[in-house]
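>>> please find the sequence and the predicted model below.
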Amino acid sequence: METNILLESGTNELELLEFFVGHEDYGINIAKVSEILTYRPVTPMPSAPEEIEGVFMPRDKLITVVDLHKVLGMPKPEGNDGLLIVCEFNRLDIAFHVSSVKGIQRISWTNIEKPPTVANNSQKGVATGIAKIDSKIMIILDFEKIIADLNCTAGLDTTGIENIEKSTEVDYDARIVIAEDSPLLNQLVMNALTKAGFHNILSFSNGQEAWDFISSFADREDVTENISLVVSDIEMPQMDGHRLTKLIKDHNNLKKIPVFLFSSLIDDKMKEKGKSVGADEQFSKPQITNLIEAMMKTLTK
């Protein structure tokens, strides 16, 4: 699914595919969406969670179908088979069964707020943002968390972290800034970095909060002694990772700080976009071991 916004850099905008589950309004970043299909029968998988309807194979690719009605506790509309939103992220091919699709909305990340804590318990909530469009509210779902809850191996691939050799050449005291809006993945990244030996880590839930902190050191000549490296997601309320990277790299002093993008959206097009805003490295989200190895090379004494 081609959209012009994929070719633009640092605009702090995104395009949301607006869809319905039951009568409720939801959104997903169009960059995650491969295609939209009419619903078709699927093959059930033995012992799978009830939210997983089964699998089907269009064009020789096996795709798992997740029923968002069951995930969200919504009844399916009578007489409506619904649609399948086919997505590719975290190296997984997933189709989400929804009631209907309305269209595409282009908005700024500044119009997306974090869900209120009281309404979105960090352990159980599956909303990652609240989009304000004209007079209505659209909930942006945390699809990575939905999949990770159904398949614990789909969160982060930590295979090999325990085999990474500690080195006296690496500055494990270096201050690392993390920007990640998903509470689940934020904690998983923090845990993985701690396991690898890093312990001076500051975590922020969106790019704007991270930028407010980073920019407070803009006039410091020793800026890299205060912030040694930034690891940022791309999709985040208020300010996305591309905009955060561009602000850092466009600043005469802050541009010294290495910026690594770590996202489920990393593909060839997104890599080009990341390069255009100055990202030093880019990694697909499951492969955190590759991220850590690159961090160790960068953070040498």
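Here it is on my side, so go on. Numbers count the residues shown, from 1 in each chain.
>>> contacts for stretch 55-74, please.
Stretch 55-74 has contacts (C-beta atoms under 8 Å, 6 or more residues apart in numbering) with 21-22, 24, 26, 37, 40-43, 45, 50-54, 75-76, 84, 86, 92-99, 126, 141, 146-147, 150. Yep, even glycine has a C-beta here, placed from its N, CA and C like the rest.
>>> buried residues of it, list them for me.
55-56, 63-72, 74 (16 or more other C-beta atoms under 10 Å).
>>> now do the end-to-end distance for that stretch.
Its first and final residues considered, stretch 55-74 spans 21 Å by C-alpha to C-alpha, to the nearest Å.
>>> CSV please, covering the buried residues of stretch 55-74 and showing pLDDT and distance to Pro286.
Listed next are the buried residues of stretch 55-74 as CSV, based on pLDDT from 0 to 100; distance: C-beta to C-beta, whole Å:
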residue, pLDDT, distance to Pro286
Val55, 95, 20
Phe56, 94, 23
Ile63, 94, 18
Thr64, 94, 15
Val65, 96, 21
Val66, 96, 18
Asp67, 96, 23
Leu68, 96, 22
His69, 96, 27
Lys70, 95, 25
Val71, 94, 21
Leu72, 94, 25
Met74, 92, 29
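>>> from the residues you listed, which is closest to Asp267?
Ile63 (17.2 Å; C-beta to C-beta).
>>> so what pairs up with that closest one in the strands?
Phe56 (DSSP bridges).
>>> follow-up on the earlier one: mind checking which of the contacts of stretch 55-74 are buried?
21-22, 26, 42, 51-53, 76, 84, 86, 94-99, 126, 141, 146-147, 150.
>>> inside strands: which ones of these?
21, 26, 52-53, 84, 86, 94-98, 141 (DSSP state E).
>>> quick check: which ranges of this structure have low pLDDT?
1-9, 117-124, 152-156 (pLDDT under 70).
>>> pull out the buried positions in the longest helix along it.
Longest helix in the chain, counting residues (DSSP state H): helix 183-196. In terms of neighbour count (16+ other C-beta under 10 Å), helix 183-196 has its buried residues at 183-186, 188-190, 192-193, 196.
>>> now for it, which elements pack on it?
Where contact means 3 or more C-beta pairs under 8 Å, 6 or more residues apart in numbering; DSSP states H and E, helix 183-196 is packed against helix 143-150, strand 176-179, strand 201-204, helix 288-298.
>>> chain center to the last one, what's the gap?
It refers to helix 288-298. On the basis of C-alpha atoms, centre = their mean, to the nearest Å, helix 288-298 sits 19 Å off its chain's mean C-alpha point.
>>> so which bits of that helix are buried?
The neighbour-count check on helix 288-298 (16+ other C-beta under 10 Å) flags 288-289, 291-296, 298 as buried.
>>> mind listing what the closest residue to Leu184 other than its chain neighbours touches?
Of all residues beyond its chain neighbours, the one nearest Leu184 is Lys145 (4.9 Å), with distances taken as C-beta to C-beta, 6 or more residues apart in numbering. Neighbouring residues of Lys145 by C-beta under 8 Å, 6+ apart: 126, 128, 182, 184-185.
>>> apply 7 Å and report the result again.
Applying C-beta atoms under 7 Å, 6 or more residues apart in numbering, we find Lys145 in contact with 126, 182, 184.
>>> export those to a markdown table and tack on distance to Ala210?
Below are the contacts of Lys145 laid out as a markdown table (distance: C-beta to C-beta, whole Å):
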| residue | distance to Ala210 |
| --- | --- |
| Val126 | 23 |
| Ser182 | 14 |
| Leu184 | 18 |
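>>> so Ala196 touches Leu291, yeah?
No - Ala196 is beyond contact range of Leu291, at 9.6 Å (criterion: C-beta atoms under 7 Å).
>>> secondary structure class for Ile107?
strand (DSSP: H, G, I helix; E, B strand; the rest coil).
>>> could you check how far it is from Gly278?
According to C-beta to C-beta, to the nearest Å, Ile107 and Gly278 sit 24 Å apart.
>>> list the buried residues in stretch 271-284.
Residues 273-274, 277-284 are the ones in stretch 271-284 that count as buried (16+ other C-beta under 10 Å).
>>> who touches stretch 231-245?
9-10, 12, 14, 29, 109-110, 112-114, 129, 176, 178-181, 206-208, 210-211, 259-263, 265, 273-274, 277-279.
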